[in-house]
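# A predicted structure for the sequence below; I have some questions about it.
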Amino acid sequence: MLLKKSTDNKIYDYNERSVLFSTSTENKLYCIMENPGSNLEKSQDALVVPREEKSVFIYLFFYFVGLTILFPYSMLITINDFWNYKFRDTSIEYNSTNDELTELQKSFPGFLSISGNVPLTVLSIVTALFGNFFNIKTRLLVSAVLMGLAFGGTTVISGLNTDSWQNTAFILIMVINSCYSAINAVFQTSFLGNLGRFPPRYIGCTNDGMGLGATLPAIINIIIIATKPDRELVGLLCMIFGVLVIFVQLILYIFASRTEFYIHYAGINESVRNTIDYKSYVMVFKAIWIYILGML
């Protein structure tokens, strides 16, 4: 078995990412190089999980990122009553006996879905193909900042009195939502693609966070409505929560990306590839084509 010495006390597997155990008897790091036929005998004082993997901060960070991926957009589509109020017929009293919806009210959910899903799909494919040309940390930081700014733009519009320029507000929201979804596609494709390099528990907690990110907006909306604020404030308060979640996630990433554990697994210091490995994409497609077919 081929070993390489270093200056720590942990032992990594052959791909130098998954920590097998650490020993306290020697202040050395042994990195197991590729040797398919070898067996590793653990010492009596071996630890199954390294100290970094036990960090509550890192674990919660992954959970929060999963939440952030879905939380803002879920909040946007949850406050449907607010958008109906925003694009109401201003010539009559809101919630009057006239139940006829305006054209903007009828069109808003459909256009919001189209303006969000089309850029999301396109940019996810583009990022998967060409994202490797840029460092993972750069992609995540830049996209997180732009996500916050884009969602902040929608938040500003939601807080303004748009009764006299509803059509313009409608178009602006759709344009900004398209920008946000495109940026979000870059972020989530980069993060989730890189997530496969981490131990299984971090993959699991990220998925759990995404589940909460899809349901938490409805809970927050109910709580806000229960306080009986003005109709104009309901949407604004909910949207502000979305902006806060994005920027809290940005701050957490800045700290997490400086930890030895995240740098090692994420490959932040690895050189950027300037070529596209089409063989890898073909191999992945062959492995998942049945699942793609099932979604069609």
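Yep, it's here. Residues are numbered from 1 along each chain as shown.
# Now do the contacts for the closest residue to Y202 other than its chain neighbours.
In this structure, Y202 finds its nearest non-sequential neighbour in F62, 4.8 Å apart by CB to CB, 6 or more residues apart in numbering. Using the backbone N, CA and C atoms, a C-beta is placed for each residue, glycine as well. Residues in contact with F62 (CB atoms under 8 Å, 6 or more residues apart in numbering) are L195, F198, Y202, C205, T206, G209.
# repeat that for 10 Å
Contact partners of F62, counting by CB atoms under 10 Å, 6 or more residues apart in numbering, are 191, 195, 198, 201-209, 252, 256, 262.
# That one: which element?
helix 56-78 (DSSP states H and E).
# hmm, back to that, between the contacts of F62, which sits nearest I92?
If you rank the contacts of F62 by distance to I92 using CB to CB, G209 comes first, at 43.2 Å.
# ok, the nearest residue to that closest one once chain neighbours are set aside to Y59 distance?
Nearest residue to G209, sequence neighbours excluded (CB to CB, 6+ apart): G66, at 2.6 Å. Counting by CB to CB, to the nearest Å, the gap from G66 to Y59 is 11 Å.
# what's the overlap in contacts for these two?
Y202, C205, T206.
# Now neighbour count, pLDDT and distance to P109 too, for those residues, in JSON lines please.
As requested, the shared contacts of G66 and Y59 are exported to JSON lines (neighbours: other CB atoms under 10 Å; pLDDT from 0 to 100; distance: CB to CB, whole Å):
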{"residue": "Y202", "neighbour count": "22", "pLDDT": "92", "distance to P109": "35"}
{"residue": "C205", "neighbour count": "20", "pLDDT": "93", "distance to P109": "32"}
{"residue": "T206", "neighbour count": "22", "pLDDT": "94", "distance to P109": "28"}
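# Mark which of those are part of strands, please.
Of the shared contacts of G66 and Y59, none are assigned to strands by DSSP state E.
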